[in-house]
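K.L.:
predicted structure and sequence below. I'll ask about it afterward.
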Amino acid sequence: MNNAMAHALATRVFKEILNARSCKDLLQIVESDPVLYRNRLNREDYPELRLFISTEEIKALKASGVLTQNGRFHADLSATNMSPLEKLLYAMAWKNGDLSKIAHIVDGVHSAGSSIPRESGPGQVFHQFGRHLADRNEPIIDQHVLRGFKLWKTPGADEKQTNSIRRMSLLDRQSDWIGAYKLWLKTAALTTELRQDSQHVMNIDSVLFALGKTIKLGRIDT
């Protein structure tokens, strides 16, 4: 897919998002396009997330010693009396080297609903995920979502700029764009019918995941 095709696809997808009247319409954007469909969010790997985490629950975990005051798992947690489910999930996080990432999620839960953007730095995706876990009005943002949004918002980008957007993989220095995307979700001319659906933010994320993955530079899909 060349840059002109990538820009055209982003323009079309956002036009359809703005015209959508329901989450079913949003899903149809991906399902009706073979390439987007191939690059869709796999619901077997990522089934619908229905859990919430409150700041009170995080405070309780800190008070009990499960989390440190810095939001990390206590170093001796694996020696405590955990349920079989807790053991499996902790072991998976340990093996993947993900234990330290919990602090970014915890920080996101605490800052959910705040209009103050997070400063640039590592852990942007997990921080925003924490915000989403505490507030469904907060989107889930990853590299693909932001890639699609950036390309759409820069229709006049030259080849170098476009290539840079399409290559983007890390969000460490993208805090301004994360803020811009969140502001767009609140102010975009979405239809009244779509806004009334409590799942519309998550479904827009899913559409943009497919878009951003499709336009990522180096993909062989056409």
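P.N.:
Looks like it arrived, so ask away.
K.L.:
next, count neighbours for A180.
P.N.:
Other residues within reach of A180, judged by other Cβ atoms under 10 Å, total 16. In this view, the C-beta of every residue, glycine as well, is placed from N, C-alpha and C.
K.L.:
grab the nearest non-local neighbour of it.
P.N.:
What sits nearest to A180 in space, not counting adjacent residues and going by Cβ to Cβ, 6 or more residues apart in numbering, is K153, at 7.2 Å.
K.L.:
quick check, central residue of the chain?
P.N.:
Centroid check for the chain by Cα atoms, centre = their mean gives I141 as the closest residue, at 2.1 Å.
K.L.:
quick check: the nearest residue to that one once chain neighbours are set aside vs D135, distance?
P.N.:
In this structure, I141 finds its nearest non-sequential neighbour in Q128, 4.8 Å apart by Cβ to Cβ, 6+ apart. Q128 is 11 Å from D135, where distance means Cβ to Cβ, to the nearest Å.
K.L.:
more neighbours, those two?
P.N.:
Each of Q128 and D135 has its neighbours counted (other Cβ under 10 Å); Q128 has more, 28 against 16.
K.L.:
give me the element the more buried one is part of.
P.N.:
Q128 belongs to helix 124-134 when elements are defined using DSSP states H and E.
K.L.:
quick one: mean pLDDT over that helix.
P.N.:
The pLDDT scores in helix 124-134 average 91.
K.L.:
tell me how many other residues surround E31.
P.N.:
13.
K.L.:
was I right about it contacting D25?
P.N.:
No: assessed by Cβ atoms under 8 Å, E31 is found out of contact with D25, at 10.5 Å.
K.L.:
past the helix holding Q128, which element shows up next along the chain?
P.N.:
Counting by DSSP H and E, what follows helix 124-134 is helix 143-153.
K.L.:
what's the helix or strand following that next one packed up against?
P.N.:
Counting by DSSP H and E, the next helix or strand C-terminal to helix 143-153 is helix 159-167. With contacts taken as 3 or more Cβ pairs under 8 Å, 6 or more residues apart in numbering; DSSP states H and E, helix 159-167 sits against helix 3-19, helix 143-153.
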